[in-house]
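A.B. asks: below is the structure, and that's it, no one-letter string:
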């Protein structure tokens, strides 16, 4: 329902609720002057749909938050004037909006007393008004106008975890946001580094609690707003720049590099081997499709950055890189197939072989999850890869994996058997159409738009049996016994394929299934995705790191 409302152009991240009881009152003034202007990029489902320009300035004794912008369909909002006046203690005084929503003019004014809000709304030829009770110094955040979140951002530095901020959503009513986590963030730009704070918030609407994420800078200004359930991101232009990169984990010796590919470059980080003199063995952490950067951030964990740190300490130089079309990497992700991602891996292998600090005959590749097939395919293509390891990776064809995941999702959602069968039949129809190019008349245009892509077609046609038999080097298959996303049976299937290779000794295949370890390589109790957020610390289990580094040491050293 949430996504449906977004696509109709109604952003309802904050909706009606009862007046806040016992809400925390923010500091009366910001600790630093937040005055200035910013331009924000609005992204829906990862696609840029518009911009908003926002300003905060002093007007005598008052604070004035203003903005204007244009957001394309499906949100379809043109804002000519957005203006909220606050007193010196951030008590709201007046709101004025002039805009067009889906081509229809709308205007709203709200006058505030200490505990009241009086609204007058015009939408086309319809008019309405109301008066509501509100909490003093509530932040004013009307739906669809992201400039309003600046008045939330300036209050956040005065709040601690567990504190609540009253938020008034005119003309609907009052709700609140609660601070659940505060995390430091660091973003490297081309000319400077920004120190930011991430505030994870819970907002209350008529459907219950929903998450929000806000990043603010050292002046209390909004840097990024994320509404995960709506796939909506509002990000300041400097952070949206292709050269902006979040530094989630600082590993000693990290060096940002650009690796040339035909027609573009891959942005990456090389982490030197600790304690190694001369030429060091190297490990490439393989990237794949989707907007995944070099750190492979998954459920809040910068997994590849953590692996790079551990492998560096074990004596390996490590390369991790942004996937095509993501972060600092060029290239066009929308036209890339599995083969192009394999080309990128082989390109990095060749780049490493030309470096004076790398042992060109001891280069390994490591794939995690759905990048495992890319790592395997690269090792099958070139003998220049000395070793290949796959972690929690699928061991069946792309088609079989896709259907398995659909079945697992339907079972988890407790969908009735008849409906489950219908959905699986439709999924099968779509998969047939993707691989054959025929039968699309039975699917909607939206389904075809999402499924009929070069990557998905190459993924469905991927067959590990064909790939693994052509790998001549040692293979490690590492898997968590509690992996609920890629069940451990996939490790058994890959191990069977690797052991069946002709003229390869048994020692060329090692399969390790780690008890008590989930898909994220974390120690777990159930392995379910619902358990992920409860696990702390969020770093790979020592058993997983030891299994990988021990295998690398034993096999690469013997080359």
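C.D. replies: In hand now; what should we look at? Not measured: the values here are computed from a predicted model.
A.B. asks: would you map the helices across the chain?
C.D. replies: Taking DSSP state H, the helices of the chain run over residues 2-7, 150-153, 237-240, 303-313, 338-353, 372-381, 398-412, 417-436, 445-451, 454-461, 464-468, 489-499, 542-556.
A.B. asks: average pLDDT for the first one?
C.D. replies: Right, the one you point to is helix 2-7. Mean pLDDT, helix 2-7: 30.
A.B. asks: paired strands for the longest strand along the chain, with orientation please.
C.D. replies: When the chain is parsed with DSSP state E, its longest strand is strand 173-188. Note on strand 173-188: by DSSP bridges, its sheet partners are strand 164-169 (antiparallel), strand 193-205 (antiparallel), strand 245-246 (antiparallel).
A.B. asks: report the buried residues of that strand.
C.D. replies: The neighbour-count check on strand 173-188 (16 or more other Cβ atoms under 10 Å) flags 173-179, 185, 187 as buried. Using the backbone N, CA and C atoms, a C-beta is placed for each residue, glycine as well.
A.B. asks: do the same with stretch 345-357
C.D. replies: 345-349, 351-352.
A.B. asks: buried deepest among the strands paired with strand 173-188, which one?
C.D. replies: Comparing the strands paired with strand 173-188 by mean neighbour count (mean count of other Cβ atoms under 10 Å), strand 164-169 ranks first with a mean of 24.
A.B. asks: so what are the structural domains in this structure, by residue number?
C.D. replies: Per the record, the chain has its domains at 2-240, 248-396+463-556, 399-458, by automatic domain parsing.
A.B. asks: first-to-last residue distance for the shortest one?
C.D. replies: Counting by Cα to Cα, to the nearest Å, the length from the leading to the trailing residue of domain 399-458 is 10 Å.
A.B. asks: any idea of the mean pLDDT in it?
C.D. replies: For domain 399-458, mean pLDDT rounds to 90.
A.B. asks: ok, now the second one?
C.D. replies: Per-residue confidence for domain 248-396+463-556 averages out to 94 on the pLDDT scale.
A.B. asks: chain center to that domain, what's the gap?
C.D. replies: Mean C-alpha position of domain 248-396+463-556 versus that of the full chain (Cα atoms, centre = their mean, to the nearest Å) differs by 19 Å.
A.B. asks: burial count for the closest residue in space to residue 335 that isn't next to it in sequence?
C.D. replies: Closest residue in space to residue 335, ignoring its immediate chain neighbours: residue 454 at 5.7 Å, by Cβ to Cβ, 6 or more residues apart in numbering. When neighbours are defined as other Cβ atoms under 10 Å, residue 454 has 17 of them.
A.B. asks: now do the contacts for residue 454.
C.D. replies: Residue 454 makes contact with 334-337, according to Cβ atoms under 8 Å, 6 or more residues apart in numbering.
A.B. asks: and those residues as TSV, adding distance to residue 502 and neighbour count?
C.D. replies: Output for the contacts of residue 454, formatted as TSV (distance: Cβ to Cβ, whole Å; neighbours: other Cβ atoms under 10 Å):
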residue	distance to residue 502	neighbour count
334	39	11
335	36	12
336	32	21
337	28	18
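A.B. asks: okay but residue 300 is in contact with residue 538, surely?
C.D. replies: Yes - contact criterion Cβ atoms under 8 Å: residue 300 and residue 538 qualify, at 6.4 Å.
A.B. asks: which parts of the stretch 251-400 of the chain are strands?
C.D. replies: Using DSSP state E, counting those that start in this stretch, the strands of the stretch 251-400 of the chain run over 255-261, 264-271, 280-285, 297-298, 301-302, 317-321, 358-368, 387-391.
A.B. asks: with distance to residue 374 and mean neighbour count added, can I get the ones you listed in JSON lines?
C.D. replies: Shown next, in JSON lines, are these (distance: least, Cβ to Cβ, whole Å; neighbours: other Cβ atoms under 10 Å):
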{"stretch": "strand 255-261", "distance to residue 374": "15", "mean neighbour count": "14"}
{"stretch": "strand 264-271", "distance to residue 374": "14", "mean neighbour count": "22"}
{"stretch": "strand 280-285", "distance to residue 374": "11", "mean neighbour count": "26"}
{"stretch": "strand 297-298", "distance to residue 374": "16", "mean neighbour count": "16"}
{"stretch": "strand 301-302", "distance to residue 374": "20", "mean neighbour count": "22"}
{"stretch": "strand 317-321", "distance to residue 374": "12", "mean neighbour count": "27"}
{"stretch": "strand 358-368", "distance to residue 374": "6", "mean neighbour count": "22"}
{"stretch": "strand 387-391", "distance to residue 374": "10", "mean neighbour count": "27"}
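A.B. asks: Serialize those strands to a markdown table and add fields for distance to residue 147.
C.D. replies: What follows is those, written out as a markdown table (distance: least, Cβ to Cβ, whole Å):
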| stretch | distance to residue 147 |
| --- | --- |
| strand 255-261 | 33 |
| strand 264-271 | 32 |
| strand 280-285 | 39 |
| strand 297-298 | 28 |
| strand 301-302 | 31 |
| strand 317-321 | 36 |
| strand 358-368 | 39 |
| strand 387-391 | 44 |
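A.B. asks: how close does the residue sitting furthest away from the middle of the chain sit to residue 469?
C.D. replies: The centre of the chain is farthest from one residue, residue 503, which by Cα atoms, centre = their mean lies 42.7 Å away. Applying Cβ to Cβ, to the nearest Å, the value for residue 503 to residue 469 is 11 Å.
A.B. asks: repeat for residue 461
C.D. replies: 16 Å.
A.B. asks: ok, residue 512 next?
C.D. replies: From residue 512 across to residue 469, the span is 21 Å (Cβ to Cβ).
A.B. asks: same thing with residue 174?
C.D. replies: According to Cβ to Cβ, residue 174 and residue 469 sit 64 Å apart.
A.B. asks: how about residue 449?
C.D. replies: Going from residue 449 to residue 469 by Cβ to Cβ gives 36 Å.
A.B. asks: now do the longest strand of the chain against strand 255-261, angle only.
C.D. replies: If you take axes from the mean of the first three to the mean of the last three Cα atoms, to 10 degrees, strand 173-188 sits at 80 degrees to strand 255-261.
A.B. asks: chain center to strand 173-188: distance?
C.D. replies: From the chain centre to the centre of strand 173-188 is a distance of 17 Å (Cα atoms, centre = their mean).
A.B. asks: swap in stretch 152-165?
C.D. replies: With Cα atoms, centre = their mean, you get 24 Å for stretch 152-165.
A.B. asks: from the buried residues of stretch 345-357, pick the one nearest residue 492.
C.D. replies: Proximity of the buried residues of stretch 345-357 to residue 492, judged by Cβ to Cβ, is greatest for residue 345, which lies at 25.3 Å.
A.B. asks: please consider this matter closed, and thank you.
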